[in-house]
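Student: output the structure for:
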Amino acid sequence: MSDARADEVRTVVRDHYASVARGASVGCAPSCCGGSATSDAAALGYSDDERAVAPEGADLGLGCGNPNAIAALRSGETVLDLGAGGGFDAFVAARRVGPTGRVIGVDMTPDMVARARGNARKVNAPNVEFRLGEIEHLPVADDSIDAILSNCVINLSPDKPAVFREAFRVLRAGGRLAISDVVATAPIPAELQQQAAALAGCVSGAAPIEDVRSMLEAAGFTGITVAIHPRSAEIVGSWLPGADQFVASATIEARKPGGDGPCCQPGCCA
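Tutor: Numbers count the residues shown, from 1 in each chain. Below is the predicted model:
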């Protein structure tokens, strides 16, 4: 993808999600997503306790799964949330890592960062912070993160290999990825690939499963698993009728070699 096209993609995504942050739009794409954030969160696998942890206004109904469910977060860990939005997953993670842990959310949309910071003030969450930045160029130090979460965001990036390289850079040895995202399961119709709504709606930017695996391997990750969400057709179909024929909601896990933490699969740690 050319630099000009990449900038165009980022502008489309930033403008749409800025509108969502201000309350001028609802859901993942114009006219695509419906339903309340509460019902969506339940369908995505969030428990009542998890939904209650975040302040009102943090859950904007933008996810396609629950990355916290696969992250196995532990007390005292440092967690990074890519594309944090209103902060919903960050607040859920903060409860799991406790007061000795830390959660950093990164988002490229100033309106979203402002909203997330406001939400943090509502619940007095001193172990949660939100930073402005692109996930392809993370404002995070090398080897400083134990676990990375992301919820339906990486598909929006025009440079997914850069996202995974940055994730690898900031993770400590033995650190892990726990991602909910959209992957392509069949060729995406050409007419959708150029639609701004389909791009912002997490449809046209989805990469094929094998491409996701290849990008993670090229970045250095091991123990890679990609599993389709059991309610994928319901989730994706609610955004854009028929989209479940070529994209799916999936959980993606991987690990940076090294460290002494538990491996997600036999042989994943070096």
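Student: every contact and neighbour count from this point should use C-alpha atoms.
Tutor: Will do.
Student: show me where the stretch 1-150 of the chain has its strands.
Tutor: 78-82, 102-107, 128-132, 145-151 (DSSP state E, counting those that start in this stretch).
Student: can you convert the ones you listed into CSV and add a column each for mean neighbour count?
Tutor: Output for the strands of the stretch 1-150 of the chain, formatted as CSV (neighbours: other C-alpha atoms under 10 Å):
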stretch, mean neighbour count
strand 78-82, 27
strand 102-107, 25
strand 128-132, 21
strand 145-151, 25
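Student: could you export those strands as TSV, including distance to Pro55?
Tutor: Formatted as TSV, the strands of the stretch 1-150 of the chain follow (distance: least, C-alpha to C-alpha, whole Å):
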stretch	distance to Pro55
strand 78-82	17
strand 102-107	16
strand 128-132	13
strand 145-151	18
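Student: want to try CSV for these, with mean pLDDT and distance to Gly61 as columns?
Tutor: Below are the strands of the stretch 1-150 of the chain laid out as CSV (pLDDT from 0 to 100; distance: least, C-alpha to C-alpha, whole Å):
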stretch, mean pLDDT, distance to Gly61
strand 78-82, 98, 16
strand 102-107, 98, 16
strand 128-132, 97, 19
strand 145-151, 97, 11
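Student: for the closest residue to Ile228 other than its chain neighbours, helix, strand, or coil?
Tutor: Among residues not flanking Ile228 along the chain, Ala250 sits closest, at 4.2 Å (C-alpha to C-alpha, 6 or more residues apart in numbering). With DSSP: H, G, I helix; E, B strand; the rest coil as the basis, Ala250 sits in strand.
Student: correct me, but Ala250 touches Arg231?
Tutor: No - with contacts counted by C-alpha atoms under 8 Å, Ala250 stays clear of Arg231, the gap being 9.7 Å.
Student: for the two, indicate the residue with more neighbours.
Tutor: Ala250 (24 against 17; other C-alpha atoms under 10 Å).
Student: so where's the stretch 1-150 of the chain shaky on pLDDT?
Tutor: Flagging of the stretch 1-150 of the chain using pLDDT under 70 yields the residue ranges 1-6, 8-9, 16-17, 24-40.
Student: ok, now with 50
Tutor: For the stretch 1-150 of the chain, the stretches with pLDDT under 50 are 24-39.
Student: where do the helices sit along it?
Tutor: 3-22, 37-43, 48-53, 68-71, 88-97, 110-122 (DSSP state H, counting those that start in this stretch).
Student: and the ones you listed: which comes nearest Ala206?
Tutor: Closest to Ala206 of the helices of the stretch 1-150 of the chain is helix 3-22 (C-alpha to C-alpha; 13.1 Å).
Student: what about the longest strand in this structure?
Tutor: strand 171-184 (DSSP state E).
Student: by contact count, what packs against that one?
Tutor: helix 68-71, strand 145-151, strand 207-208, strand 247-255 (3 or more C-alpha pairs under 8 Å, 6 or more residues apart in numbering; DSSP states H and E).
Student: all set, thanks.
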